[in-house]
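Undergrad: sharing a model that was predicted from the sequence below.
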Amino acid sequence: MFESWGRYPKATQRVLPLAWRSDALPARSGPVLAVGQGRSYGDVCLNDGGTVLTTGRLDRFISFDEKSGVVRCEAGMTLADLISFALPRGFFVPVVPGTQLVSVGGAIANDIHGKNHGRAGTFGRHVRWLELLRSDGERKECVPGDPLFAATVAGLGLTGLITAAEIQLVPVSGPFIIEQRVPFRTLDEFFDIDAGSRDFEYTVAWIDAFSRDVRGIYYRGDHSQRPGRAAPGKRPLEVPADFPSFALSGPAVRAFNALVALEARLAKRQRETNVRSFFFPLDRIGRWNRIYGQRGFLQFQCVVPSRDHVRDLLGRVRISGQGSFLTVLKTFGDMPSPGLLSFPRPGITLALDFANRGPDTLRLLGELEEVVRAAGGALYPAKDATMSPRTFAASYPRLAEFERFVDPGFSSSFWRRVARA
Amino acid sequence: MKRVVVLGATSAIAQHVARLYAEQGASLFLAARNPERLAAVAADARARGATQVETAVLDLDDLRAHAGLFEAADAALGPPDVVLLAHGVLGSREAGPEEAPAILHTDLVSPTSLLLQAARRMEARRAGTLVAISSVAGDRGRAANPVYGAAKAGLTALLSALRQRLSPSGVSVLTVKPGFVDTPMTAHLPEMPFAVGPDRVARDILRALERGADVVYTPLIWRLVMLVVRLLPEKLFKKLSF
């Protein structure tokens, strides 16, 4: 059964694998949705009652210029494959999320961001060209500046099938990252460290959502100048089966968070690591979403304007006692995002995840959503399974402009849930 | 650098073999029927670092084109170190007398013609390696896919014969026997035990070539599975339904 990474909500859809960029869209009835690796958490990658077109086999390179680092590839290529290709040639992907197991098409459709948002902005800023196959059979090539380009970047796959893209890679000396870990004990300390970290390319913080004063670890890093070859990626350990529910009980999650805090406090402050362990620590555990069991989990990622909003949100999470397994805090820079529906905007982004405990979890998410909307913030569609049409419309002011570009043959569970009737 | 001829280059397994060789900087001659698909595979190989990539658009079912194909490959790259045959159709349980000749033609007659052509040239040069994708389905005929199984059994027998014939000339022959491979060809099958991706099969093929193997089951578990399947007495086998 096809599931999103959060395994919530459940949906039933026909899965049609695509194999060739040159092929027409397969015969179908009802709306379709292109899906890469299915690593978005909620329902932007689901199409309940319809068809999903999986792009995993559209994984070919089209061209590569070793001087300029401009690469053109099919949209189903994973960032993992692109990174494996780019690193030995002295390049890296300009923006990477917390997992490399996403497709280029998915990275564009969600206009993903990474730890270097302040320096590099979103993924879409580094896309120089893309090809779109519409349900009427027309192929459209788009470049930055085209209205259809702005609709397709962060367009959640609703403007048609992205078949291929051209990306400007960034030059790097090698596969290593100089990483610093700085523990903090309060939210204000986080902001002090953040303000003092402007010279670092990559920044992000993990926080212990159980701690009263918001303790956490600030991670910051830069590409090392040292050349070298990355060790071949090890085959990840895979979570063999769904965990029973007690594995994520309050005490277990609390203990995990305390352990992470302790480990970081005992570890050396600065170390050289490689890009895979710096950017993608969770990729070492295949199918880690199984630890949440069959009922899945819900992510909540918002951007809010000020630290008081973050304090308010974390306070409510702590009071709820629901406990977020992994909580991530980061400031966005002010680079404009290229998509009509891009999520990143100046402010502070907070990501939380909650085991699905039914109505209690949904109630908490609703409460957090209210705070975000009142603050003039936004929720991230790639992580969302619950936001209301009202919040979506309020936080994405260019929605009406976007709607004109939606391909009538494409839809998603998310779109039917949040689009105005 | 190696010179490699890939016939049926748009098949999923062949594409992944071509990728691995391209990353090693090999020169490739790729042949397939669909020009757009072939161009996509060729562009991928070039981007990955192949020294040279040449293509030929043709229908490998057309036996008359076979002799010219190897001439063209020789002219483009020079004599190949490796010739890989990867084209094929799956057939089905229901394939009747109407469909059977076409399946046998694609899966056995055409490969036989190509292999004999290539064998003659390699024998004369006293160098080279022939590789063909057969199948575990050729190890014992099953009701699940009779005509395909018969074609692959024939192909396996031919490869074994060629191996013996060419051995004195220093030419090697690799028989590849994949189990279920997750490809567009098998996308409709409901259940595929021990299924692997075409990338895994390609890696196994290159490793088998490196160590000079004669026959490779991929993944390896199929060697054991088919050993058991072959040993089952016919009296028992005919009553089974797998």
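TA: Good, I have the coordinates.
Undergrad: all contacts plus neighbour counts: C-alpha atoms, from now on.
TA: Fine.
Undergrad: against which helices or strands is the longest helix along chain B packed?
TA: Longest helix in chain B by number of residues (criterion: DSSP state H): helix B:146-166. In this structure, helix B:146-166 makes packing contacts with helix B:100-104, helix B:110-125, strand B:172-178, judged by 3 or more CA pairs under 8 Å, 6 or more residues apart in numbering or on different chains; DSSP states H and E.
Undergrad: which helices and strands sit right next to the second one?
TA: It stands for helix B:110-125. Using 3+ CA pairs under 8 Å, 6+ apart as the contact criterion, the neighbours of helix B:110-125 among helices and strands are helix B:66-77, strand B:129-133, helix B:146-166.
Undergrad: same deal with the last one?
TA: Other elements packing on strand B:172-178 under the criterion 3+ CA pairs under 8 Å, 6+ apart are strand B:129-133, helix B:146-166, helix B:198-210, strand B:215-218.
Undergrad: again, 7 Å this time
TA: Helices and strands touching strand B:172-178, by 3 or more CA pairs under 7 Å, 6 or more residues apart in numbering or on different chains; DSSP states H and E, are strand B:129-133, helix B:146-166, strand B:215-218.
Undergrad: report the distance from that strand to the chain centre.
TA: On the basis of CA atoms, centre = their mean, to the nearest Å, strand B:172-178 sits 8 Å off its chain's mean C-alpha point.
Undergrad: then the second one?
TA: The chain centroid and the centroid of helix B:110-125 are separated by 14 Å under CA atoms, centre = their mean.
Undergrad: list the buried ones in that helix?
TA: The neighbour-count criterion (16 or more other CA atoms under 10 Å in any protein chain shown) identifies B:110-115, B:117-119, B:121-123 as the buried residues of helix B:110-125.
Undergrad: thinking again about what came up before, for residue B:217, find the nearest of the helices and strands packed on helix B:110-125.
TA: Distance to residue B:217, taken as CA to CA, is lowest for strand B:129-133 among the helices and strands packed on helix B:110-125, at 10.4 Å.
Undergrad: state the mean pLDDT of that closest one.
TA: Per-residue confidence for strand B:129-133 averages out to 98 on the pLDDT scale.
Undergrad: adding mean pLDDT, write the helices and strands packed on helix B:146-166 out as a markdown table.
TA: Conversion of those to a markdown table gives the following (pLDDT from 0 to 100):
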| stretch | mean pLDDT |
| --- | --- |
| helix B:100-104 | 96 |
| helix B:110-125 | 98 |
| strand B:172-178 | 98 |
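Undergrad: as a markdown table, the ones you listed with distance to residue A:5 would be great.
TA: Listed next are the helices and strands packed on helix B:146-166 as a markdown table, based on distance: least, CA to CA, whole Å:
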| stretch | distance to residue A:5 |
| --- | --- |
| helix B:100-104 | 41 |
| helix B:110-125 | 44 |
| strand B:172-178 | 31 |
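Undergrad: out of these, which comes closest to residue A:39?
TA: Proximity to residue A:39 (CA to CA) singles out strand B:172-178 among the helices and strands packed on helix B:146-166, at 29.8 Å.
Undergrad: not counting that closest one itself, show me its contacts.
TA: The set of residues external to strand B:172-178 that reach it, using CA atoms under 7 Å, 6 or more residues apart in numbering or on different chains, is B:128-136, B:156, B:159, B:163, B:166, B:213-219.
Undergrad: for chain A, what's the nearest residue on chain B?
TA: residue B:44 (4.5 Å; CA to the nearest CA).
Undergrad: which element is the nearest residue to residue A:398 once chain neighbours are set aside on?
TA: Closest residue in space to residue A:398, ignoring its immediate chain neighbours: residue A:340 at 5.7 Å, by CA to CA, 6 or more residues apart in numbering or on different chains. Using DSSP states H and E, residue A:340 falls within no helix or strand.
Undergrad: could you list the low-pLDDT ranges of the chain?
TA: I'll assume chain A. Applying pLDDT under 70 to the predicted model, the residue ranges of chain A that meet it are A:231-236, A:245-249, A:264, A:420-421.
Undergrad: think we crossed wires, I meant chain B
TA: Using pLDDT under 70, chain B has no residue that qualifies.
Undergrad: mind redoing it with 90?
TA: Across chain B, the ranges flagged by pLDDT under 90 are B:1, B:90-95, B:144, B:182-193, B:240-242.
Undergrad: picking up where we left off before, give me the angle between the longest helix of chain B and strand B:129-133.
TA: Orientation of helix B:146-166 against strand B:129-133 (axes from the mean of the first three to the mean of the last three CA atoms, to 10 degrees) gives an angle of 170 degrees.
Undergrad: any buried residues in helix B:146-166, and which?
TA: Residues of helix B:146-166 classed as buried under the neighbour-count rule (16+ other CA under 10 Å) are B:146-160, B:162-163, B:166.
Undergrad: from residue B:16, how far off is whichever residue of the stretch 151-300 of chain A sits closest to chain B?
TA: In the stretch 151-300 of chain A, the residue found nearest to chain B is residue A:164; the distance is 11.6 Å by CA to the nearest CA. Using CA to CA, to the nearest Å, one gets 19 Å for the distance from residue A:164 to residue B:16.
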